[in-house]
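**Student:** Structure for the following, please:
(chains A and B, ligands or ions: 1)
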Amino acid sequence: MAVTEDPGKPRNLAERVQRLQDRVYSAIFHNYVWQSIFRSGYPNTPRNQMLVVATNIFLHLHPTRIHRTHVKITHTYCLGGLTFFMFLILTVTGVLLMFYYVPSVDSAYQDIAALETNVKFGLLMRNMHRWTAHAMVILVFLHMMRVFYTGAYKPPREFNWVVGVILLVLTLVLSFTGYLLPWDQLALWAVTVGHGIGGSAPFFGDETQLIVFGGFEVGPSTLIRFYTLHVIALPIIAAVFMSVHFWRIRRDGGMARPL
Amino acid sequence: MAVETRAAAQPAAKARPRPKRQREEEVLVWPDLVFVEFIAAVVFTITFLMLSVFINAPLLNRANPELTPNPSKAPWYFLNLQELLLHMDKAWAGVLLPTIALGFFASIPYVDRSRAGQGVWFGSKHAVRLTLVSAAYSVIIVGALVSFDAGERTYAERLTRWIPSCNAEAQHQGTPCLQDAEGEEHTGLLSTKDISKRLEFSVPWPNFLGVDDSNLDWPRDLDRIPVPFNNICGNVGSFHLWCDMNLNIPSIMAEQVIPLSTVAGFAVAIIYVLFRVGWLRTKRDLFIVMFTAVLVAYLALSMVGSFFRGEGQNLIWPWEIKVDEG
Ligand code: HEM
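**Tutor:** Got it, this is the predicted structure:
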């Protein structure tokens, strides 16, 4: 910061250290490049703390201030946020898996097997992707329960609750489409059970099997359909609904509070 | 528009204006919330890294359409639907009931419109006990129904073993009997579905009522009851409408009427009891009971599917499960 008055020579060691700290601080947070990225100063004053939230695209999902009860962990248990965090981890690990995976019945299984043995951290990425996927399903249910039992679906949040129900379905379908991709016995037969269930829809059974699964049995066309849905269509749709979900939380006046 | 209707619907809220936002009640998002979020993210990242280091995701043999594993199971969050398939018509189990459940969830806020009790956990007088009672009830009913239906070791099977085998030669069975598969040991009713498949009996019936041999045979005489005008056909796109439509009364009874009315009956019973006890008073209370019971049943059915279904989807103990992976 602009130094307004000349402080004179440092009188003792403590002052010397203090000056040095200020200079380093200034060099890091007040240089031209830093300030071109972050418009607000370091968030150590209330003003800057609000600015940093308001001017950062990721943080501005939040309001700048929030009611005291809502930061209590026992109010939300962070469940919605953690569901979203699982989605982020799944995106990152999923992209890494895509580098090694070709969605054809000839290569899919070998690709996964090779990923586990020949690729550095391949097994770890696959495990992360698998376990966080299960976690996301569990967390989305828990989040729905916390919203329900805190009565947070009540007016004016009706529509956001409906958006939530859609997100629940999307989460399940995302997980289910991913289940087929390793093309092992577990995958094939689990999806075959789902294929049967889809086929039992009244009036639209055959159509469901043809359109969603690409045929009357689970095969190559099912694999490519599920792959496309899993890696591009459903994540985009889910991201759109999540944006609406977060936007609506702000529009509906933040999280629900007692009257 | 929406705002206007709301205001009209809730004059009380207008009369008593909400107290002004109190700045003292608020905290800054940075650091108070961002910090919590950061810690939560770090804890979860470390947890899942550790989990992934120590536990590997399953990878079985390459998919082989020729070899069906026994049992083959859906992923756990759909296993509950697979479990329902054993007990009722597949369209109800796989499509209609889940759709109804989701529709019910989505409609909750449009029916329960009161703003009372929002923003706090279990914000109505009896919320906690309603939740606990309906969760326990749901587990017990699911457990009881499953232990009665579908499998070689169910109570229903044991209780109906006394029903004799059918006489293959006889033209009409008379008293109730059970068809046994050729060369198989005699068993009781393995599931409600057997009522329309293996259970047979006949009653004397006057000829002129559409039965031509003076005997009404279950299920043979009832499984193709023509729907009125079922010779009028229509094609809408690829759908064949109203062509040759026949009702299979025995299977409608066994796979739809009996299972669905059983479930509905148990649901109505608990709601009625809680109402009479005086705990269930508002729509919110009603929804607490329904929401809890549905979610707990969803979970309980998944558990049954995961841990209690073995070869041939028979009911077994978790430690007896062997999977023939094919
Ligand atoms: C992919 C799935 C989902 C994500 C990522 C998500 C994310 C979030 C987040 C971050 C919040 C802020 C508060 C919190 O963390 O609890 C929230 C609130 C909310 N969510 Fe979700 N959610 C999802 C699914 C659902 C579902 C399934 C429902 C209900 C059926 C739902 C209904 C709501 C409602 C009504 C609020 C406002 C809560 C309040 O005002 O206290 N969401 N969601």
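
**Student:** Tell me where the model's unsure across the stretch 151-300 of chain B.
**Tutor:** Of all residues in the stretch 151-300 of chain B, those with pLDDT under 70 make up the ranges B:208-212, B:234, B:236, B:238-242.

**Student:** Relative to the ligand, which residue of it is the closest?
**Tutor:** Per C-beta to the nearest ligand atom, the residue of the stretch 151-300 of chain B with the smallest distance to the ligand is B:F291, at 10.2 Å. C-betas here are computed from N, CA, C, even on glycine.

**Student:** State whether that residue is indeed within a helix.
**Tutor:** Yes: under DSSP: H, G, I helix; E, B strand; the rest coil, B:F291 falls within a helix.

**Student:** Now it: closest residue in space that isn't a chain neighbour?
**Tutor:** Residue nearest to B:F291 in three dimensions, not counting chain neighbours: A:F148, with 5.7 Å by C-beta to C-beta, 6 or more residues apart in numbering or on different chains.

**Student:** burial count for that neighbour?
**Tutor:** Number of residues near A:F148 (other C-beta atoms under 10 Å in any protein chain shown) recorded here: 20.

**Student:** Please identify which helix or strand holds it.
**Tutor:** With the criterion set as DSSP states H and E, the secondary-structure element containing A:F148 is helix A:122-149.

**Student:** Go ahead and flag the most central residue of chain B.
**Tutor:** Nearest to the centroid of the C-alpha atoms of chain B, with distances taken as C-alpha atoms, centre = their mean, sits B:L84, at 5.6 Å.

**Student:** What ranges does chain A have for its strands?
**Tutor:** Taking DSSP state E as the test, the strands found in chain A are A:65-67.

**Student:** Could you chop it up by domain?
**Tutor:** According to the domain assignment given by automatic domain parsing, chain A is divided into the following structural domains: A:13-61, A:76-251.

**Student:** okay, those, which one's buried deepest?
**Tutor:** For these, ranked by mean neighbour count under the definition mean count of other C-beta atoms under 10 Å in any protein chain shown, the leader is domain A:76-251 at a mean of 19.

**Student:** what about that domain and the ligand, any contact?
**Tutor:** Yes: in this structure, domain A:76-251 sits against the ligand according to C-beta under 6 Å from any ligand atom; the contacting residues are A:76, A:78-81, A:83-84, A:140, A:143-144, A:147, A:152-153, A:157, A:160-161, A:164-165, A:167-168, A:171, A:242, A:245, A:249.

**Student:** If you average the pLDDT over that domain, what comes out?
**Tutor:** Computed over domain A:76-251, the mean pLDDT rounds to 96.

**Student:** Endpoints of it, how far apart?
**Tutor:** Between the opening and closing residues of domain A:76-251 we find a distance of 19 Å, counting by C-alpha to C-alpha, to the nearest Å.

**Student:** One more: stretch B:300-319?
**Tutor:** Terminal residues of stretch B:300-319 lie 18 Å apart, using C-alpha to C-alpha.

**Student:** contacting residues around that stretch?
**Tutor:** Stretch B:300-319 is contacted by residues B:70-71, B:73-74, B:76-77, B:79-80, B:82-84, B:86, B:138-139, B:142-143, B:146-147, B:150-154, B:320-322, B:324 when judged by C-beta atoms under 8 Å, 6 or more residues apart in numbering or on different chains.

**Student:** Residue 153: what's it in contact with?
**Tutor:** In the absence of a named chain, chain A is used. A:Y153 neighbours (C-beta under 8 Å, 6+ apart): A:V147, A:N160, A:W161, B:I108, B:P109.

**Student:** you looked at the wrong chain, it should be chain B
**Tutor:** B:R153 makes contact with B:N314, B:L315, B:I316 under the criterion C-beta under 8 Å, 6+ apart.
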